[in-house]
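Trainee: with the sequence up front, the predicted model follows.
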Amino acid sequence: QVQLVESGGGLVQAGDSLRLSCAASGRPFSNLYMAWFRQAPGKESEYVAVINWNGDTTSYADSVEGRFSISRENAGNTMYLQMNSLKPEDTAVYYCAADPRISGPIVARSSYAYWGQGTQVTVSS
């Protein structure tokens, strides 16, 4: 089992920055692929970004490419999402996800076995 706890959400204005954190426990963190998803009210869950086990490979959704940056600190069992130039359409609950191996599409929720409870990000215009 893997336990994931997100933090760092909040209310900001358009153009501001936030950094989300995801603390993991329960199994060796360096063995996990890690990802961020988000879900806005009334909308389906949306893939945001993924990072591989050692952090040398990342991928982003087109909607956040160039504004968001995913990273990880294996020694501290923590993953981050640096969000810059935030827009009102970035408003959502952000979830971190993990899996020891991605057997399906990286953009699919079903590819990740472990999930956090989410942290709210609200961007005002």
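Mentor: Done, it's in. Since the model is a prediction, treat every value here as computed from it, not as a measurement.
Trainee: CA atoms for contacts and neighbours, from now on please.
Mentor: Fine.
Trainee: doesn't Thr122 make contact with Gly10?
Mentor: Yes: between Gly10 and Thr122 there is a contact under Cα atoms under 8 Å: 6.1 Å.
Trainee: show me which of those two is the more surrounded one.
Mentor: Thr122 (21 against 14; other Cα atoms under 10 Å).
Trainee: the helix or strand where the more buried one lies: partners in the sheet, and parallel or antiparallel?
Mentor: In this structure, Thr122 sits in strand 119-124 according to DSSP states H and E. Paired neighbours of strand 119-124 in the sheet (DSSP bridges): strand 10-13 (parallel), strand 92-99 (antiparallel).
Trainee: host element of Ile102?
Mentor: Using DSSP H and E, no helix or strand contains Ile102.
Trainee: could you list every residue that touches it?
Mentor: 33, 111-112 (Cα atoms under 8 Å, 6 or more residues apart in numbering).
Trainee: of those, buried ones?
Mentor: 33, 111-112 (16 or more other Cα atoms under 10 Å).
Trainee: the residue nearest the centre of the chain and Ser125, how far apart?
Mentor: Compute the mean C-alpha point of the chain, and by Cα atoms, centre = their mean the closest residue is Trp36, 2.1 Å away. As for Trp36, its distance to Ser125 is 23 Å (criterion: Cα to Cα, to the nearest Å).
Trainee: and Val5, by the same measure?
Mentor: Going from Val5 to Ser125 by Cα to Cα gives 28 Å.
Trainee: returning to that earlier point: can you redo the strands paired with strand 119-124 as a markdown table with mean pLDDT and distance to Gly118?
Mentor: Formatted as a markdown table, these follow (pLDDT from 0 to 100; distance: least, Cα to Cα, whole Å):
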| stretch | mean pLDDT | distance to Gly118 |
| --- | --- | --- |
| strand 10-13 | 98 | 12 |
| strand 92-99 | 97 | 4 |
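Trainee: out of those, nearest to Val64?
Mentor: Of all these, strand 92-99 sits nearest to Val64, with 13.2 Å by Cα to Cα.
Trainee: ramachandran angles for the closest residue to Gly116 other than its chain neighbours?
Mentor: Closest residue in space to Gly116, ignoring its immediate chain neighbours: Leu4 at 4.6 Å, by Cα to Cα, 6 or more residues apart in numbering. Per-residue torsions, Leu4: phi -120, psi 130 (degrees, to the nearest 10).
Trainee: since that was my last question, I'll sign off now.
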